[in-house]
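K.L.:
Requesting a structural model of the entry that follows:
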Amino acid sequence: MKKVAVIGCGSYMDSGNGCPGEWRCLKAASLGDGNFEEPSQVVAFIRCECPGRATATNMGLAIKLSEIKPDVIYLSSCCAKAKPGCPYSDPEEKAKIIEEKTGIKVVLGTHDYH
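P.N.:
Down below sits the predicted model:
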């Protein structure tokens with residue numbers, strides 16, 4: 001079973017725009033739905049907090065403190081696909097920064113649930 005980490009948009013979760021938090025991402029990971037190729041174990045879940053400068057560092061710290069290195073990191077659908085999008089960073093740019101910091105592949109989006 002793949003070990004994965006998920007980064008969710010804290011602002012989106014707090015605003016009540018249809019997702020109260022991580023449950024949709026956790027469901028998709030456990031069932032292997034959406035962008036998850038197989039059922040996966042979530043070993044870290046962090047919130048991206050505006051303006052997002054600390055996201056890569058926080059993910060690195062979560063990996064270090066948990067002592068479990070994920071096989072893949074996912075930018076949640078609310079980070080990668082929300083409309084309107086993040087006013088502070090582009091999802092592709094954020095993914096590149098996280099990949100450079102952690103050395104782990106980043107996938108844009110977790111699920112297609114409405």
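K.L.:
Could you list the low-confidence segments of the chain?
P.N.:
Scanning the chain with the threshold set as pLDDT under 70 gives 16-22, 114.
K.L.:
And the helices in it?
P.N.:
Counting by DSSP state H, residue ranges of the helices within the chain are 10-15, 23-31, 55-66, 77-80, 91-102.
K.L.:
Quick one: those as TSV, columns for mean neighbour count and distance to residue 39 too.
P.N.:
Bear in mind the C-beta positions are built from the backbone N, C-alpha and C, glycine included. TSV is the format used below for these (neighbours: other C-beta atoms under 10 Å; distance: least, C-beta to C-beta, whole Å):
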stretch	mean neighbour count	distance to residue 39
helix 10-15	16	23
helix 23-31	18	6
helix 55-66	17	20
helix 77-80	25	18
helix 91-102	16	23
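K.L.:
Nearest to residue 109, out of these?
P.N.:
helix 77-80 (4.4 Å; C-beta to C-beta).
K.L.:
Much appreciated, bye for now.
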